[in-house]
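Novice: here is a sequence together with a model predicted from it:
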Amino acid sequence: MNRATGFVIGILIVLSVGIAVALLPLLPILPPVGHMLLVLVVLGLLLLLFDFWLWRFPLWRSIGLVCVPYIDGQWTGKLTTSFDGQNRLENVRLVIYQRWTKISIQFFSETSISTSISAATLRRDTGEEVLTYVYSSEPVETATPDIVPHIGLTVLRLLDTGQLSGYYHYFYYDEQKLALVRGQLVFTRMKGEVMPDALL
């Protein structure tokens, strides 16, 4: 747990005590254990609310209490890959499911569907936001036999333009050789998706 996360939890604890005290006159007389349970219930609700929704507000990022970039939603993009010699652009789609404490990704292409095994965002010393995830990929039913299941790594940078841009790679093995397949990805958030500044 970093300092900012601990500070947020501390704020929520203080708020839960204040809300519980405000609720006491509206409730039947409770024993001391009941007071503690009330605080814990309120704290649990506040944590859930913050994890699912409140963390998205830009205010938290502007004061440094939330360091996670808001990238939840659907993204469309283009892919080029060394698998076919970087000879064509392929339409792809990325779906990011994000909470304050968790993020997962699904990727859809013309030949495969992949799901993240583990994922994380980080902020480099330069201030650049990066999404990194390990994925498991499975070919779609219509894919050719040379499209094989695999596990790979994707790294995407959040650009100033609001796009996600980066690369992926995985090792491909057939009866003849072991090869590294790598590709370039660029994604744009789909129209209609809620942007971070729209949460103000």
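Specialist: Looks like it came in fine.
Novice: look up how far His35 lies from the residue with the largest distance to the centre of the chain.
Specialist: Relative to the mean C-alpha coordinate of the chain, counting by Cα atoms, centre = their mean, the farthest residue is Ile29 (43.7 Å). Ile29 is 10 Å from His35, where distance means Cβ to Cβ, to the nearest Å. Backbone N, C-alpha and C define where each C-beta goes, glycine included.
Novice: Val41 is in contact with Leu30, correct?
Specialist: No - Leu30 is beyond contact range of Val41, at 11.8 Å (criterion: Cβ atoms under 8 Å).
Novice: is it true that Ala179 touches Tyr170?
Specialist: No - using Cβ under 8 Å, Ala179 is not in contact with Tyr170, being 9.8 Å away.
Novice: and these two? Which one has more around it.
Specialist: Neighbour comparison, Ala179 and Tyr170: the larger count goes to Tyr170, with 20 against 13 (by other Cβ atoms under 10 Å).
Novice: what pairs with the more buried one across the strands?
Specialist: In this structure, Tyr170 bridges to Val181 when assessed by DSSP bridges.
Novice: check what pLDDT Arg61 gets.
Specialist: With respect to pLDDT, Arg61 scores 83.
Novice: er, Leu27 I mean
Specialist: 77.
Novice: over to Asp160?
Specialist: pLDDT, Asp160: 87.
Novice: what's the local residue count around it?
Specialist: Neighbour count of Asp160, defined by other Cβ under 10 Å: 6.
Novice: shared neighbours, Ala179 and Tyr170?
Specialist: Common neighbours of Ala179 and Tyr170 (criterion: Cβ atoms under 8 Å, 6 or more residues apart in numbering): none identified.
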